[in-house]
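In: coordinates for the following, if possible.
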Amino acid sequence: MRRSFLKSNAFCYAICALILLLAVSDLAGCGGSSAKDQPPNQTPTITYISPNTAVAGDAAFTITINGTNFVAASVVNFGGSAPVTTFVNSTQLTAAIPAVSIASTGTMAVTVTNPAPAGGTSNARNFTITSAVNAVPTINSIYPSCAPAGSLDSLGGGLTVGGQNFVASSVVRWNGTDLPTTLYPNSDGGILTAQISASDIAAAGTATVTVFNPGAGGGSSNSLTFTITTGAVDPQAIAVDPAGKFAYVASEGCNGGTGGNVSMYTINPTTGVLAAIGPPVSTNDVATDSVTIDPFGKFAYVANEGLYATDGSVSSYSIDPTTGALTSTSGGISGNSPEFCCFTAVAVHPSDKFAYVANGDSTPRSVSMYTINGANGALTYFGTIAAEGFPTSVVVDPSGQFVYVAAETDSGTPGPGSVSMYAINATTGALTSLGTIATGTMIAESSSNSIVVDPSGAFAYVTNSGSNNVSMYSINATTGVLTSGGLIDAGTTPLSVAVDPTGKFAYVTNNGSNDVSMYTINGTTGALTPVGTIATEQSPTSIAIHPSGKFAYVTNSASNSVSMYSIDGATGTLTLIGTIGT
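Out: Predicted structure coming up:
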């Protein structure tokens, strides 16, 4: 019995153990699968990568890997490094490649690794890092193309080089020496600016400007010549301060106006001789036309027409009362307005409260009006008024009641020039039109270039370069309206007119005949009577009379000089003292 009982119990124990084992197995199945039961990752493959090449030294970029069997944990390997990988889907990954990974030339193997279980590393695709292949650059232009020796501020914005095939690594070379260079890209390959040091333009001479592209296929461009002049080039206008201590000459610069300058001089009160005050200062614009000194001798204003896409400006300077040196201020104006641009001349009211600027290419043609800050000379715009023709010169009469603007005819338009007349509001400075009056004669494109009012405010004179004469006018002291007094012959292409402080003599520069016409003035009628001519240097453009009435100064644009003359107080005849460069 006992043996039978034991056998029976052993059998029961075996059955129970089997049941327990099956139960545990079932529970494990209900609770999830074990790691060894997960499906294994497949080995990835790469079909192509994009991009598959870069230039050594390029910036960081993103590479796209296309293939199969990618998973969320896939990792890109780029030449032995593991960049940050982004899973897009099972057939695409992206990876962020840092700039350091393509700093040098070579070939990088690109693979993808899938982790365990199974997984593995894909086939490799090559990524090629090449050296830069640069075309040989070409230079079309340099701006400016000249600067006065020692006048580094004439290159305030640096040397600008225009051309083709410029790249980020292009370098401007000055006589073969690399300059700090910046690329501003455009469709032609860009514009380069380069910084020139004071030593580069310390002495007169020339410099060879080239551009060099490094790397395969690169090389040196053609060359252009930069001229370092002894002074400013192409002087257009001269002004003497009210005290007669200083003179200032505005010049256009090389090649028809590439970088305006103002030359500064002291005046010997006994001899009238000019002496330069350091190198010229920059106008920071082009096509510089005129220079004006305020009635108190504190500020100078220079009108710049601008060229190409620029709208011109009025450059503003403070005057050192001891040395006469000019310091550029922020008080000037820019033509960035549809109402006015392309400034040709500035006139300051005798009170020094208002300024009036002739706008040669505004729409419509106009005179813009400004208040003047007495402390810093800053100009604040408060309106414009229409003017006829192409305004070239503006003047305020000595009483401060009237403004007159001389104008050429528009290009290609036959007919005389004109003078627009205005009354001044004594409180606000605002102008009111008084109408216009013709100048010169009825010929093609007659040009009225300069206007002056005599010290008494009774007469006005206008040069007419197209008809080679001077228009004479009397001024109604009450209304300001001009009445024609006829014409008087001048030399060839008269440009500028001035009257001496006594109101007895008038002088006209003749650009075409290289001389100055001299006249006496009838104190009753204002009529001019010729008393002869005196030679200048080449292409005189402007004349100014010293406040003492003893001296006259003429700018010669083709000779880059100023002719200095003494004035005979009895006859008004000029006698040459000498010349000085600008």
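
In: if you count contacts, what does the strand or helix carrying Val346 end up packed against?
Out: For Val346, the host element (DSSP states H and E) is strand 343-348. Where contact means 3 or more CB pairs under 8 Å, 6 or more residues apart in numbering; DSSP states H and E, strand 343-348 is packed against strand 288-293, strand 299-304, strand 313-319, strand 354-359, strand 390-396. Where C-beta positions appear, they are placed from N, C-alpha and C, glycine not excepted.

In: from the chain's centroid, how far away is it?
Out: Centre-to-centre, strand 343-348 and its host chain are 20 Å apart (CA atoms, centre = their mean, to the nearest Å).

In: tell me what angle it forms with strand 354-359.
Out: 160 degrees (axes from the mean of the first three to the mean of the last three CA atoms, to 10 degrees).

In: what lines up beside strand 343-348 in the sheet?
Out: Using DSSP bridges, strand 343-348 pairs in its sheet with strand 354-359 (antiparallel).

In: contacting residues around the partner strand?
Out: 301, 303, 314, 333, 335, 340-349, 365-372, 379, 384, 387, 391-394, 396, 403, 405, 424, 429, 431 (CB atoms under 8 Å, 6 or more residues apart in numbering).

In: let's go with 6 Å and repeat that
Out: Outside strand 354-359, the residues that touch it by CB atoms under 6 Å, 6 or more residues apart in numbering are 340, 343-348, 366-370, 372, 379, 391, 394, 403, 405, 429.

In: any residues touching stretch 80-97, and which ones?
Out: Contacts for stretch 80-97 (CB under 6 Å, 6+ apart): 61-66, 68, 70, 72, 74-76, 78.

In: how far away is Thr266 from Phe354?
Out: Separation of Thr266 from Phe354 (CB to CB, to the nearest Å): 29 Å.

In: for Ala552, that is, sorry about that
Out: For Ala552, the distance to Phe354 equals 28 Å [CB to CB].

In: give me the more crowded residue out of these two.
Out: Ala552 (28 against 25; other CB atoms under 10 Å).

In: surely the more buried one touches Tyr565?
Out: Yes - using CB atoms under 6 Å, Ala552 is in contact with Tyr565, at 4.5 Å.

In: any shared contact partners between the two?
Out: Contacts common to Ala552 and Tyr565, judged by CB under 6 Å, 6+ apart, are Leu574.

In: how about stretch 396-409: buried residues?
Out: The neighbour-count check on stretch 396-409 (16 or more other CB atoms under 10 Å) flags 396-397, 400-409 as buried.

In: for Ser141, which non-adjacent residue is closest in space?
Out: Gly162 (4.3 Å; CB to CB, 6 or more residues apart in numbering).

In: quick check: that neighbour is in a helix.
Out: No - under DSSP: H, G, I helix; E, B strand; the rest coil, Gly162 sits outside any helix and is assigned strand.

In: so what's it bridging to?
Out: Ser141, Ile191.

In: how about the helices of the stretch 1-150 of the chain, start to end?
Out: Taking DSSP state H, counting those that start in this stretch, the helices of the stretch 1-150 of the chain run over residues 2-31.

In: so the most centrally placed residue in the chain, which of the three states?
Out: When CA atoms, centre = their mean is applied to the chain, the residue found nearest the centroid is Asp285 (6.2 Å). Following three-state DSSP, the label given to Asp285 is coil.

In: measure it to Met472 for me?
Out: Counting by CB to CB, the gap from Asp285 to Met472 is 35 Å.

In: where does the stretch 51-200 of the chain dip in pLDDT?
Out: The stretch 51-200 of the chain contains residues with pLDDT under 70 at 132, 156-157, 187-189.

In: and Thr270, what does it touch?
Out: Counting by CB under 6 Å, 6+ apart, Thr270 makes contact with nothing.

In: how about it, phi and psi?
Out: Backbone torsions of Thr270, given as degrees, to the nearest 10, read phi -90, psi -50.

In: over to the one 10 residues further on?
Out: The phi/psi pair for Pro280 (degrees, to the nearest 10) reads phi -60, psi 160.

In: what's in contact with stretch 191-205?
Out: Outside stretch 191-205, the residues touching it (CB under 6 Å, 6+ apart) are 147, 149, 152, 155, 158-162, 166, 172, 174, 179-184, 228, 230.

In: Val405 touches Gly389, doesn't it?
Out: No - under the criterion of CB under 6 Å, Val405 makes no contact with Gly389, lying 8.9 Å away.

In: sorry, back to before: do I have it right that the residue nearest to Ser141 meets Asn140?
Out: Yes - counting by CB under 6 Å, Gly162 touches Asn140, with 5.0 Å between them.

In: neighbour count: these two, which is higher?
Out: Neighbour count, other CB under 10 Å: between Gly162 and Asn140, Gly162 has more, with 17 against 12.

In: how much space separates that one from Val302?
Out: Distance from Gly162 to Val302, by CB to CB: 26 Å.

In: now swap in Val516 and tell me
Out: Distance from Val516 to Val302, by CB to CB: 24 Å.

In: of the two, who's got more company?
Out: For the pair Val516 and Val302, the greater number of neighbours falls to Val302 (32 against 26), based on other CB under 10 Å.

In: got a list of what the nearest residue to that one once chain neighbours are set aside touches?
Out: Counting by CB to CB, 6+ apart, Val302 lies nearest to Ser315, which is 4.3 Å off, once chain neighbours are set aside. Contacts for Ser315 were tallied using CB under 6 Å, 6+ apart; they are 283, 302, 332.
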